[in-house]
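# Generate coordinates for the sequence data below:
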Amino acid sequence: MGTTGAVQRAFRLLVPKRSELRRRSDRIEVAARWVLLLLGLFLVPVALAVGSQVTANLGPQVAEQRAERHQVTGVVLAEPGPAAAYGTEVASTEVRAPVRWIAADGTPRVALVRVPDTAEAGDPRTLWVDAADRPTIAPMTPGYPETQGFLTTLVILLGDLLVSLFLLAGLRWVLDRIRLREWEAAWRRFTGPDHESTH
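Next up is the predicted model:
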């Protein structure tokens, strides 16, 4: 029942009943709703196309990252301290420690990497490295492109909805001011100057 009523109200916003009392401002408001609705419908395939393009663009990047980056297990060489203590420009709440691991060519590598603040010297530490065996962040997940494409589409559609609601609210405010002035003018014509002078 509630859903049916909401649908009927939405329908009446776009197709109001015929009435002799309808004003020019009412017709303008209905026309604006139709224009914004049609623009929104036109934007749906555009948003889907943009989201698909984002997904397509990120796909090769994900494949490249997952092909080049791999995990290695190193050993923590010293107890961690605040990252700032090692001269890095990151938040002081983060901790880093020197970690040693063996590169693909068999040579040992040492670098400062983020570790838990409970880490101790000798603890194993798994980290991601790139093709040059340099520490890096984890690669994007296989589902990352689809997620970003979906979010892009959603943001575009929600943005269009919010802009449309804002424009309709602004138009309604302006039209209400016009209606109020018209009503006041009609009331003055109805009451006449004699009635106004008595107040």
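
# When you work out contacts or count neighbours from here on, use the C-alpha atoms and nothing else.
Noted.

# Tell me the gap between the longest helix anywhere in the chain and the middle of its chain.
Ranked by residue count, the top helix of the chain under DSSP state H comes out as helix 144-197. From the chain centre to the centre of helix 144-197 is a distance of 25 Å (C-alpha atoms, centre = their mean, to the nearest Å).

# Over to stretch 28-39?
Taking C-alpha atoms, centre = their mean, one finds stretch 28-39 lying 25 Å from the centre of the chain it belongs to.

# And for stretch 136-153?
What separates the centre of stretch 136-153 from the centre of its chain is 14 Å, taken as C-alpha atoms, centre = their mean.

# Averaged pLDDT, it. What do you get?
Per-region confidence: stretch 136-153 scores 95 on mean pLDDT.

# That one: end-to-end distance?
Using C-alpha to C-alpha, to the nearest Å, one end of stretch 136-153 lies 30 Å from the other.

# For that stretch, give me every contacting residue.
47-48, 50-59, 62, 65-66, 69, 127-130 (C-alpha atoms under 8 Å, 6 or more residues apart in numbering).

# what about the residue nearest to the spatial centre of the chain, distance to residue 48?
When C-alpha atoms, centre = their mean is applied to the chain, the residue found nearest the centroid is residue 155 (4.7 Å). Distance from residue 155 to residue 48, counting by C-alpha to C-alpha: 11 Å.

# Next secondary structure element downstream of the lowest-mean-pLDDT helix or strand in the chain?
Sorted by mean pLDDT, DSSP states H and E, the helices and strands of the chain end with helix 2-14, the least confident at a mean of 58. Proceeding N to C from helix 2-14, the next assigned helix or strand is helix 24-68, under DSSP states H and E.

# List the pairing partners of whichever helix or strand comes after that following helix within its sheet, with orientation.
Following the chain from helix 24-68 toward its C-terminal end, the next helix or strand by DSSP H and E is strand 70-76. Its sheet considered, strand 70-76 pairs with strand 95-102 (antiparallel), strand 124-129 (antiparallel) by DSSP bridges.

# Fine by me, we can end here.
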